[in-house]
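Visitor: Coordinates for the following, if possible.
(one chain, ligands or ions: 1)
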Amino acid sequence: MERNKLNILGVAVDKVDRKGAMAAYKELLTREGCDLIVTPNSEIVVRAGEDEELARILKEAALVIPDGIGLVYASRILKDPLTERVTGVDFLSDILADAAKEGYGVYILGSKPGTADAAAEAMKKAYPGLIISGTHHGYFKPEEERALAEEIGRSGARFLCVALGAPKQEKFVEAYKDILNVRCAMGVGGSLDVWAGNVKRAPEFYQKHGLEWLYRLLQEPSRIGRMMALPVFMLRVIFSKKEKKQ
Ligand code: UDP
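Guide: As a prediction, the model looks like this:
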């Protein structure tokens, strides 16, 4: 698979639009072994600078799609614009549609007890025929991890959707990729909460103007600390560009 990537603060992001991301995913499904898809936002890119394991996981990921408007702005500053932002929520919908059409199973892992089940029900309604191979909540103890990974391995799923928050979800996949027995796994952050109806997705106005972060902040003001990652990220991108020029 040929990849066209853009380096943002040391993280290689695939320059794909929604269609391109899907084409890449379809190719990953044909490959043996568990490939990881990561959907980073600016917070994760900043974090990768301080977390070596995360940086390595991003480097080795089969597909790194530009979720997060910060990455799109960064690409413009770096004068190598990404075509569009591909959100994890949208990309997950495309994958579920594909799974329903092709008839392979999906395992839904993560979020609070009850949420994965509610999300799975909503997904089956949205994509009739979708096979849910299994579900499990995301609040398990470290000593329960391996058994859970083995359960996923036995479920027959070909795609694993994992919502433990980043980078926990990516680290889980990395640690157990040899026994998960899926072709592809993707960290989806808060997407199960959206599917289950716990959290509302930003109205179109916010989505269109790159203001989903503002909507989310208004809904969950406690996220303000985490959101400071965005201006920090933008400043670092500007400085990294200046450094390159000198
Ligand atoms: N979550 C989980 N286990 C944990 C921590 C978080 O299942 O140990 C779930 C949480 O319930 C939420 C999802 O992970 O549904 C994503 O959390 P967050 O909104 O923090 O994700 P992000 O913004 O990083 O994508």
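Visitor: Can you dump the C-alpha atoms of stretch 58-76 in CSV for me?
Guide: The C-alpha trace of stretch 58-76 is given here as CSV (Å, rounded to 0.1, in the frame of the first residue of the first chain):
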residue,chain,number,x,y,z
LEU,A,58,2.0,5.9,15.7
LYS,A,59,5.0,5.2,13.6
GLU,A,60,4.1,1.6,13.2
ALA,A,61,0.4,2.1,12.7
ALA,A,62,-1.0,0.9,9.3
LEU,A,63,-3.1,4.1,8.9
VAL,A,64,-3.0,7.4,10.7
ILE,A,65,-6.0,9.5,9.7
PRO,A,66,-6.3,13.2,10.4
ASP,A,67,-9.0,13.5,13.0
GLY,A,68,-9.0,16.9,14.7
ILE,A,69,-9.2,20.2,13.0
GLY,A,70,-5.8,21.2,14.5
LEU,A,71,-4.1,18.8,12.2
VAL,A,72,-5.7,20.4,9.2
TYR,A,73,-4.7,23.9,10.3
ALA,A,74,-1.2,22.6,10.9
SER,A,75,-1.0,21.2,7.4
ARG,A,76,-1.8,24.6,6.0
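Visitor: Buried ones in that stretch, by neighbour count?
Guide: Using 16 or more other Cβ atoms under 10 Å as the test for burial, stretch 58-76 gives 58, 61-75. From N, CA and C alone the C-beta is placed, and that goes for glycine too.
Visitor: ok, now stretch 135-153?
Guide: So stretch 135-153, judged by 16+ other Cβ under 10 Å, has buried residues 135-138, 148-149, 152-153.
Visitor: And for stretch 111-123?
Guide: Those would be 111, 115-120, 123, for stretch 111-123 by 16+ other Cβ under 10 Å.
Visitor: No more questions from me, cheers.
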